[in-house]
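Undergrad: Turn this into a model:
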Amino acid sequence: KNKKKKKSRRKPSARQERERNYRDSFMKASQPPAVSLQGGPAVFGPNLDATSATFSGKAVMAVPPLACQPLSGTYTNSMVVAYRGGCMFIEKVRHAEAAGAIGLLIIDNVDTNGRTDHFRMTGDGKDDVKIPAAFLYQHDGNFIVQRIQRHGNNRFLISLSGFADG
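TA: The predicted model follows:
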C-alpha cells in the first residue's frame with residue numbers, strides 16, 4: 001500500500017569528485033611535504049653537529065606548554081614542542097625525557113623580528129640528558145605549532161639532525 005520510493009543518488013559533479021579525491025589523498029598521505037627549519041641545538045645532550053644521526057618523532061605539544069613541571073599525557077617516541085620561559089632549558093628537556101620523548105623543540109616566547117643568528121641553549125653544567133633539543137625562533141616555531149593545532153598531535157614527524165657549515 002504505502003511503498004517507499006527509492007531515493008536516487010545524484011552523481012557528484014566533476015568539482016565535487018576532484019575535491020573528494022584531493023581530501024582522500026591528503027588523508028592517506030603517509031609522508032607530508034618536508035620543511036626544513038634552522039634551529040639552535042643545545043650544548044647538552046647528543047651533539048647534533050657531531051653526529052650523522054637523525055632523531056625523528058611525531059610532533060606533540062607539551063602539557064603544560066612551558067614544560068617546567070613533569071609532563072602529563074603520552075609522549076613515548078614523540079618529539080615534544082614546548083615554549084621558552086619559566087625555567088631553564090635543561091629542566092624542560094629532563095621533563096620531556098622522563099615522559100618518554102625522543103627529542104624536544106623549544107620555541108622562543110619573544111618575537112625576534114626576523115633575527116636568524118644561531119642560538120645555543122645552555123644547561124646547568126650536568127650532562128645527564130640523552131635526548132636532543134633544539135631552539136626555534138618564534139616565527140619558525142609558530143609554523144610548527146599551527147600545523148599541530150590544525151592537524152592534531154601525532155600527525156606529522158619532526159626530525160632533528162646536525163648540519164655542516166661551509
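Undergrad: can you give me the helices in the chain?
TA: Shown for the chain, the helices assigned by DSSP state H span residues 14-28, 89-98, 138-151.
Undergrad: mean pLDDT lowest for which of these?
TA: Across the helices of the chain, helix 14-28 has the smallest mean pLDDT, namely a mean of 52.
Undergrad: what's the neighbour count on Asn77?
TA: Residues within reach of Asn77, counting by other CB atoms under 10 Å, total 14. For the C-beta atoms, the positions are set from N, CA and C on the backbone; glycine is no exception.
Undergrad: got it, and Arg147?
TA: 17.
Undergrad: Verify the stated contact: it with Met61.
TA: No: between Arg147 and Met61 there is no contact under CB atoms under 8 Å: 10.7 Å.
Undergrad: Could you list the low-pLDDT ranges of the chain?
TA: Under the criterion pLDDT under 70, the flagged ranges of the chain are 1-9, 15-35, 49-53, 113-119, 154-157, 160-166.
Undergrad: remind me, longest strand of it?
TA: strand 54-61 (DSSP state E).
Undergrad: I'd like to know which elements that strand is packed against.
TA: In this structure, strand 54-61 makes packing contacts with strand 78-83, helix 138-151, strand 157-161, judged by 3 or more CB pairs under 8 Å, 6 or more residues apart in numbering; DSSP states H and E.
Undergrad: How much space separates the residue nearest to Thr76 when sequence neighbours are not counted from Gly141?
TA: Spatially, and ignoring its direct neighbours in sequence, Thr76 is nearest to Gly100 (3.8 Å; CB to CB, 6 or more residues apart in numbering). Per CB to CB, to the nearest Å, Gly100 is found 22 Å from Gly141.
Undergrad: Show me which of the two is the more surrounded one.
TA: Gly141 (22 against 15).
Undergrad: which residues does the closest residue to that one other than its chain neighbours bridge with?
TA: In this structure, Gly141 finds its nearest non-sequential neighbour in Ile107, 2.9 Å apart by CB to CB, 6+ apart. Each beta-bridge partner of Ile107 is listed here, defined by DSSP bridges: Tyr83, Leu136.
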